[in-house]
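Novice: Sharing a sequence plus its predicted fold:
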Amino acid sequence: DFWQNVIPWLDSFPKIVLSVDADGPGDEVAQKINALFPHKTYRVDHSIYKDANDFLVAGKAQEYKAAWFGASRFTPDNILHSEDDLLALFDETPEHSFVPTGIPEFDNKAMGLHRGHFTVFKAATGVGKTEVFRFLEWNFINRGVTFATCHLEEIPLRSVLGLVSYDLNDNMTRKDAIEAKGKTEEVRASIKRLAETEHFYQFKLRENDGADELVQQIKMMATVYGCQFVMIEPIQDTITVASDTNKESELAQLAIRLSKVAAEYNIGIITIAHTNENGDAKYCKMIVQRASVVVDLQRNKDAEDFEDRNTTKLVIQKNRPTSEEGFAGEMLFNPETFTLTPL
């Protein structure tokens, strides 16, 4: 009501000059008035001083007068225009950073997994998406890359034991099998080595957590724990609303937020998306549309040949960092060790 009442009065002036504090509340006022009167809003540059009073206390009345008459047209902070804006963009944008995956054809095309980007691996049920994720996680550990992972379809212990299987080159995914093989102490030692690296973080969403909590968790992993990558599997399970229509809307909003968070915090966000019978991301096509890199995982589960039946093919369908697309390698799953090896 206040703003509606003062709009006619403010609009009666040919020029509106703002001398407000250079802080959050001052910026909000400037943004609000500029939104109402974008053609006539100007702002005084206070330089090192908080407000007009600070000028006077410092004996700088003439300097304030010059600043007032030199006020420039207000430009919102989401518009880059000046020399300082563009040079700051160049100077402050983080170096382009990526980590090779160890899959030769994939790295040749995409260079690896990229920080600052939202990457989606998509596939139908049963193709082996989780095992591909596990391979990528083990690659991060070997390269000393700090990362966090959230596997929504399995218990936390299963995720850890999957990495132990790579460390010991043996299937250690079940406690009963570990005991039967007499390798309990080896597994405990492997878990200790995993923790000692201080590069691996695992988190889970609580029962009532949703998109907001996931985004906050990712921001915390980036800023507090220094994670360079966060891996989420699968993205559709982060939204638990009842109807498909609501789920599509919620997932679309989440995909947009994840792509923005990846860029803002220079963190690589990597997720797995289930696909429908048409090969599209289940429930929401926006998941793929917002991704910088989209990798389709393919496997012929019904093949008669053992190697064909256990080989996962990677096909890059979208690749903003390097623009290279197409076949990106194959990986063979060994059911004895529960590990993947690039072919």
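Specialist: Yep, that arrived. Numbers count the residues shown, from 1 in each chain.

Novice: pLDDT score for Asn242?
Specialist: Actually, residue 242 is Ala rather than Asn. Ala242 is assigned a pLDDT of 67 by the prediction.

Novice: can you give me the mean pLDDT across stretch 330-342?
Specialist: 95.

Novice: May I have that stretch as CSV, with CA atoms only?
Specialist: Only the C-alpha atoms of stretch 330-342 are listed here, as CSV (Å, rounded to 0.1, in the frame of the first residue of the first chain):
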residue,chain,number,x,y,z
GLU,A,330,32.5,-49.0,-22.9
MET,A,331,32.9,-50.5,-19.4
LEU,A,332,32.9,-54.1,-18.5
PHE,A,333,31.3,-55.2,-15.2
ASN,A,334,32.9,-58.0,-13.3
PRO,A,335,30.3,-59.8,-11.0
GLU,A,336,33.1,-61.5,-9.1
THR,A,337,34.7,-58.2,-7.9
PHE,A,338,31.6,-56.0,-8.4
THR,A,339,33.8,-53.4,-10.3
LEU,A,340,33.8,-51.8,-13.7
THR,A,341,36.8,-51.6,-16.0
PRO,A,342,37.0,-49.4,-19.1
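
Novice: Pull the residues that contact it.
Specialist: 102-105, 128, 131-132, 134-135, 162, 165-166, 169-173, 307, 310-314, 329, 343 (CB atoms under 8 Å, 6 or more residues apart in numbering). In this view, the C-beta of every residue, glycine as well, is placed from N, C-alpha and C.

Novice: do that again at 7 Å, thanks
Specialist: 102-104, 128, 131-132, 135, 165-166, 169-171, 173, 307, 310-313, 329, 343 (CB atoms under 7 Å, 6 or more residues apart in numbering).

Novice: What's the local residue count around Phe90?
Specialist: 7 (other CB atoms under 10 Å).

Novice: Regarding it, what is its secondary structure?
Specialist: helix (DSSP: H, G, I helix; E, B strand; the rest coil).

Novice: Got the confidence number for it?
Specialist: 81.

Novice: what's the distance between it and Glu83?
Specialist: 11 Å (CB to CB, to the nearest Å).

Novice: just Leu343 next, same as before
Specialist: Leu343 is 52 Å from Glu83, by CB to CB.

Novice: Thr238 now?
Specialist: 42 Å.

Novice: Which helix runs longest in the protein?
Specialist: helix 244-265 (DSSP state H).

Novice: Next, the buried residues of it.
Specialist: 247-252, 254-255, 257-259, 261-263, 265 (16 or more other CB atoms under 10 Å).

Novice: How about stretch 3-19?
Specialist: Buried, per 16+ other CB under 10 Å, within stretch 3-19: 16, 19.

Novice: now do stretch 102-112
Specialist: Result for stretch 102-112 [16+ other CB under 10 Å]: buried residues 102-103, 105-107, 109-112.

Novice: Between all of those, which two are at the greatest distance?
Specialist: Greatest spacing in the buried residues of stretch 102-112, by CB to CB: Gly102 and Lys109 (13.9 Å).

Novice: For this protein, which residues score under the pLDDT cut-off?
Specialist: 242 (pLDDT under 70).

Novice: So which residues of it form helices?
Specialist: 2-11, 24-36, 52-57, 61-69, 83-92, 104-110, 129-143, 156-168, 175-180, 184-196, 211-223, 244-265, 286-289, 306-309.

Novice: And those: which comes nearest Lys318?
Specialist: helix 286-289 (7.1 Å).

Novice: Which other helices and strands does that closest one contact?
Specialist: Helix 286-289 sits against strand 118-123, helix 244-265, with contacts defined as 3 or more CB pairs under 7 Å, 6 or more residues apart in numbering; DSSP states H and E.

Novice: Dump the C-alpha coordinates for the longest helix of the chain into PDB.
Specialist: Taking Å, rounded to 0.1, in the frame of the first residue of the first chain, the C-alpha atoms of helix 244-265 are listed here in PDB:
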ATOM      1  CA  ASP A 244       3.100 -36.900 -11.700                       C
ATOM      2  CA  THR A 245       2.100 -33.400 -12.600                       C
ATOM      3  CA  ASN A 246       3.400 -32.000  -9.300                       C
ATOM      4  CA  LYS A 247       6.500 -34.100  -9.600                       C
ATOM      5  CA  GLU A 248       7.300 -32.800 -13.000                       C
ATOM      6  CA  SER A 249       7.000 -29.200 -11.800                       C
ATOM      7  CA  GLU A 250       9.100 -29.800  -8.700                       C
ATOM      8  CA  LEU A 251      11.800 -31.600 -10.600                       C
ATOM      9  CA  ALA A 252      11.900 -28.800 -13.200                       C
ATOM     10  CA  GLN A 253      12.500 -26.300 -10.500                       C
ATOM     11  CA  LEU A 254      15.100 -28.400  -8.900                       C
ATOM     12  CA  ALA A 255      17.000 -28.900 -12.200                       C
ATOM     13  CA  ILE A 256      17.100 -25.100 -12.700                       C
ATOM     14  CA  ARG A 257      18.300 -24.600  -9.100                       C
ATOM     15  CA  LEU A 258      21.000 -27.200  -9.400                       C
ATOM     16  CA  SER A 259      22.400 -25.800 -12.600                       C
ATOM     17  CA  LYS A 260      22.500 -22.300 -11.000                       C
ATOM     18  CA  VAL A 261      24.100 -23.600  -7.800                       C
ATOM     19  CA  ALA A 262      26.800 -25.500  -9.800                       C
ATOM     20  CA  ALA A 263      27.800 -22.300 -11.600                       C
ATOM     21  CA  GLU A 264      27.500 -20.000  -8.600                       C
ATOM     22  CA  TYR A 265      29.600 -22.200  -6.300                       C
END
